[in-house]
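>>> Could you look at this predicted model? Sequence included:
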Amino acid sequence: MVSQSRKKHGWLYKVGVVALVLASIMVIGSAIFHERLIRLYRVIRLFDQDVIVENFRNMDGIFGTRIVHKADQATTFATEPQPLPTSFTYGGKAIDLQQFLKDQYTTGMIVIKDNKVTFEEYWLGNDEKSKVISWSMAKSAISALIGIAVDEGLIRDVYDPVTEYVPFLKGTGYDNVPIKHVLQMSSGIGFTEDYGDFNSDINRLGRLLALNKSIDEFVASLKNIREPGTYNQYVSMDTQVLSMVLREATGKTISEYMEEKLWKRIGTESDGYWLIDNKGVEIVFACFNAVLRDYARVGLLYLNDGKWNGETVVPGNWVKASVTPDAPHLQSGENPASFWVLGYGYQWWLPQKPEGDFIAIGAAGQYIYVHPGHNLVIAKTSAYGDYKIDGKDKILQTIEMFRAIVKSMANGEKAKTA
């Protein structure tokens, strides 16, 4: 009888343990699922105007992150304040500059001319310590890292196919596509990048990332729809592929390589950070976060042909190639082989009516504008939710605003020397 009782109680104990384990799994699973649903909800509302400003300066509260540590000693800038012009012209009409900044929900803007800060201001609760998401300005930084890896011999040639470095992409739309065509957004991949369309590829990706899916696997699912190197179509996953090449070629994470080869070398004053997916892979096509002044430092690096304090960080020939549209489908203007009117280089935009200026552009009003002819850089961050409707027009207006600032600074310079 004692033996049967012990067996009975032993059986009940095991049942109880199993029940407890199952209950624990259900609780944990429910918590994980709940967390993913909350993140999905926040991603879906990411650009809603009532939360967009707060979202853009707190992306580490939505996704996991990896730090890119700042320079051991920050570069400092002298200041020489100059007023901005009161207006600029676009489409034959004068636009009030301050009202334009307000309408674009500008959160910060800095103008650096001749290595002096001539204007710096923040709005909507941001300040010099706010780390704001770059969106697609990050693409230009990835291009710089590709150039460094080429210079180091880790990437042998930009005409090498990406699958020579990333076998994982064999049999996908990127199979045998040259790195150069990927750099120039001419991969031939079919991809819809319409933020206003809930079912577009870019929005579908955002939801998948919110639900802890792998970005590498998403890239591998894409198909080629045209011959590479013949048509300029903006495909954010092209930049993600560049990061896959970098990871394989360098044997390092993007954060590690960027910190060592770029971020610590340009006098940055604050740590930056990348958002990462569930595998710990940096989401490089859009998701770097940094303070405004450090974005301006990236512009200054390119203004100075890749040199910082006389030392080469990015090879000068790479900088030149990055801002040179070297094929017909990359030229600015009405171009049947391009999806838009701006020209394109290696992940840098090239405005119409060339003045030698070039620009990194991120969704919702993020910019690094470089004008070598006037030794001037402008960095601007914004939280403009309605860009989904008229974003392209706002980009062209912003370029004209930047050019008006350039001319204003040039006129001020003449006045001082007169």
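All right, it came through fine. Numbers count the residues shown, from 1 in each chain.
>>> so what's the residue nearest to residue 365 when sequence neighbours are not counted up against?
Spatial nearest neighbour of residue 365, chain neighbours left out: residue 382 (2.7 Å); criterion: Cβ to Cβ, 6 or more residues apart in numbering. Any C-beta I mention is one placed from the backbone N, CA and C, and that applies to glycine too. Listed by Cβ atoms under 8 Å, 6 or more residues apart in numbering, the contact set of residue 382 reads 104, 105, 106, 107, 364, 365, 366.
>>> one more time with 6 Å
Counting by Cβ atoms under 6 Å, 6 or more residues apart in numbering, residue 382 makes contact with 104, 105, 106, 107, 364, 365.
>>> What number of neighbouring residues does the first one come out with?
As a burial measure, the neighbour count of residue 104 was computed by other Cβ atoms under 10 Å and equals 20.
>>> That one is in contact with residue 366, isn't it?
No. With contact defined as Cβ atoms under 6 Å, residue 104 does not count as touching residue 366 (10.7 Å).
>>> Identify the contacts common to the two.
Between them, residue 104 and residue 366 share no contacting residue under Cβ under 6 Å, 6+ apart.
>>> Dig out what the residue nearest to residue 365 forms beta bridges with.
Applying DSSP bridges to residue 382 gives these bridge partners: residue 106.
>>> Read off the pLDDT value for it.
Looking at residue 382, its pLDDT reads 97.
>>> Repeat that for the one 3 residues further on.
Predicted confidence (pLDDT) at residue 385: the value is 83.
>>> which one is it nearest to, not counting chain neighbours?
With sequence-adjacent residues excluded and distances taken as Cβ to Cβ, 6+ apart, residue 385 is closest to residue 49, at 4.1 Å.
>>> I'd assumed residue 386 was in contact with that neighbour.
No. Contact between residue 49 and residue 386 fails when scored by Cβ under 6 Å: they sit 7.3 Å apart.
>>> neighbour-wise, which of the two wins?
residue 386 (16 against 11).
>>> From the contact counts, what lies against the one helix or strand residue 240 maps to?
Element membership for residue 240, per DSSP states H and E: helix 236-250. Applying 3 or more Cβ pairs under 6 Å, 6 or more residues apart in numbering; DSSP states H and E, we find helix 236-250 packed against helix 138-151, helix 179-183.
>>> How about stretch 100-110, which residues are buried there?
For stretch 100-110, burial by neighbour count (16 or more other Cβ atoms under 10 Å) applies to 100, 101, 104, 105, 106, 107, 108, 109, 110.
>>> next SSE after the helix holding residue 240?
Counting by DSSP H and E, the next helix or strand C-terminal to helix 236-250 is helix 254-261.
>>> Need the residues that contact that next one.
Taking contacts as Cβ under 6 Å, 6+ apart, the residues outside helix 254-261 that touch it are 66, 68, 69, 148, 243, 250, 274, 282, 284.
>>> out of these, who's nearest residue 95?
residue 284 (34.0 Å; Cβ to Cβ).
>>> That closest one is in contact with residue 244, isn't it?
No. Assessed by Cβ under 6 Å, residue 284 is found out of contact with residue 244, at 9.3 Å.
>>> Which one's more surrounded, those two?
The neighbour comparison of residue 284 against residue 244 (other Cβ under 10 Å) goes to residue 284, with 28 against 23.
>>> quick one: low-confidence parts of this structure?
In the predicted model, the chain carries pLDDT under 70 at residues 1-34, 387-390, 412-418.
>>> and the residue positioned nearest the centre of it, what does it touch?
Centroid-nearest residue in the chain: residue 138, 2.6 Å away (criterion: Cα atoms, centre = their mean). Taking Cβ under 6 Å, 6+ apart, we find residue 138 in contact with 284, 286, 288.
>>> Output these as a markdown table; include the columns secondary structure.
Listed next are the contacts of residue 138 as a markdown table, based on DSSP: H, G, I helix; E, B strand; the rest coil:
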| residue | secondary structure |
| --- | --- |
| 284 | coil |
| 286 | coil |
| 288 | strand |
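>>> now, which of those sits nearest residue 81?
Out of the contacts of residue 138, the member with the shortest distance to residue 81 (by Cβ to Cβ) is residue 288, at 29.1 Å.
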